[in-house]
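J.: here is my input; please provide its structure:
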Amino acid sequence: MATYDSQKRANNEYRKRNVRSFNLKFYPGDADILEWFEDQPNKAHYLKELIRRDMEATK
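T.: From the prediction side, this is the model:
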């Protein structure tokens, strides 16, 4: 099924209004953390679960 220009525009507008992204940098001193993170199959899910666990622990 082809995605029409109008649908692409609507998707882009939705993302602009509702989706947030963040940039995470690893420096050479963080090599062990980077290696661990790269081994995670779903990085977004992994980070979200870490945050949720932390939120639950601080309640």
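
J.: per-residue pLDDT, the spatially most central residue of the chain?
T.: In the chain, the C-alpha nearest the mean C-alpha coordinate belongs to residue 44, at 3.9 Å (Cα atoms, centre = their mean). We have a pLDDT of 96 for residue 44.

J.: what of residue 3?
T.: 77.

J.: neighbours of it, how many?
T.: Residues near residue 3, counting by other Cβ atoms under 10 Å, number 8. (C-beta placed from N, C-alpha, C; glycine too.)

J.: what do you get for the one 10 residues further on?
T.: Burial of residue 13 is recorded as 10 neighbouring residues (other Cβ under 10 Å).

J.: ditto for residue 28
T.: 6.

J.: ok so, going back, how close does the residue nearest to the centre of the chain get to residue 51?
T.: 11 Å (Cβ to Cβ, to the nearest Å).

J.: in this protein, what spans have low per-residue confidence?
T.: 1 (pLDDT under 70).

J.: returning to what we had before: chain center to whichever strand or helix holds the residue nearest to the centre of the chain, what's the gap?
T.: Using DSSP states H and E, residue 44 maps to helix 43-57. Remark: helix 43-57 is offset 11 Å from the chain centroid, using Cα atoms, centre = their mean, to the nearest Å.

J.: what's that helix in contact with?
T.: Here helix 43-57 makes contact (Cβ atoms under 8 Å, 6 or more residues apart in numbering) with 37, 40.

J.: report the contact partners of residue 24.
T.: Residue 24 makes no contacts at all, as judged by Cβ under 8 Å, 6+ apart.
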